[in-house]
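Peer 1: Below are the sequence and a predicted model for it; my questions follow.
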Amino acid sequence: MSMQCITERASALLGLDIEVDVLNEEEWRAVPRFLLVDGDRARIPVRRSDPQWYRLHVVIHELSHLLCGHTRCESLPMTFDQLRKPAQVCALVGVGGGAGSVALDDCQEQVALEAEAEALAHRLGSFVLAPQFASAELV
């Protein structure tokens, strides 16, 4: 199954126009943080300078968010550089006092949503990668 096929099926299932944008560095800097769905349109941005395998990972991860019913991704925009310097999700929760427990609850929810999407991404990835490895074994 190709990435395009998975994207088209997700689009039909969800009733969303899903667009994968391969962006140059200037366009990349203008990508809004966290936003995945806007109305009936989902936009999955990938950075042209990132390795192709990583761009595939980003698309699968974001499709997983959509299939789980999430409208945002705490990692967007995602870059290959984050593998070397992972984002500090919720590192500053509660810093500065005030409503720390509310922020902590929100943080825990976002971590759970990311974990849910990543678990599904592993499963979807196997549909994209399995045929490639199966044909290599036949050679």
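Peer 2: Yep, that arrived. Numbering: from 1, shown residues only.

Peer 1: quick one: the residue nearest the centre of the chain and residue 105, what's the gap?
Peer 2: With distances taken as CA atoms, centre = their mean, residue 62 lies nearest the centre of the chain, 2.9 Å away. From residue 62 over to residue 105 the distance is 24 Å, taken as CB to CB, to the nearest Å. No exception for glycine: its C-beta is placed from N, CA and C like everyone else's.

Peer 1: Repeat that for residue 3.
Peer 2: 35 Å.

Peer 1: Ok, residue 44 next?
Peer 2: According to CB to CB, residue 44 stands 28 Å off from residue 105.

Peer 1: Tell me which of the two has more neighbours.
Peer 2: Comparing residue 44 with residue 105 by other CB atoms under 10 Å, the one with more neighbours is residue 44, at 24 against 12.

Peer 1: mind checking the SS state of the more buried one?
Peer 2: Look at residue 44: counting by DSSP: H, G, I helix; E, B strand; the rest coil, its state is strand.

Peer 1: check contacts around it.
Peer 2: 18, 19, 20, 21, 36, 58, 59, 62, 63 (CB atoms under 8 Å, 6 or more residues apart in numbering).

Peer 1: could I get these as CSV with distance to residue 52 and secondary structure?
Peer 2: Below are the contacts of residue 44 laid out as CSV (distance: CB to CB, whole Å; DSSP: H, G, I helix; E, B strand; the rest coil):
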residue, distance to residue 52, secondary structure
18, 19, strand
19, 18, strand
20, 13, strand
21, 15, strand
36, 21, coil
58, 11, helix
59, 11, helix
62, 16, helix
63, 17, helix
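
Peer 1: Out of these, which is nearest to residue 73?
Peer 2: Of all those, residue 36 has the smallest distance to residue 73: 5.2 Å, by CB to CB.
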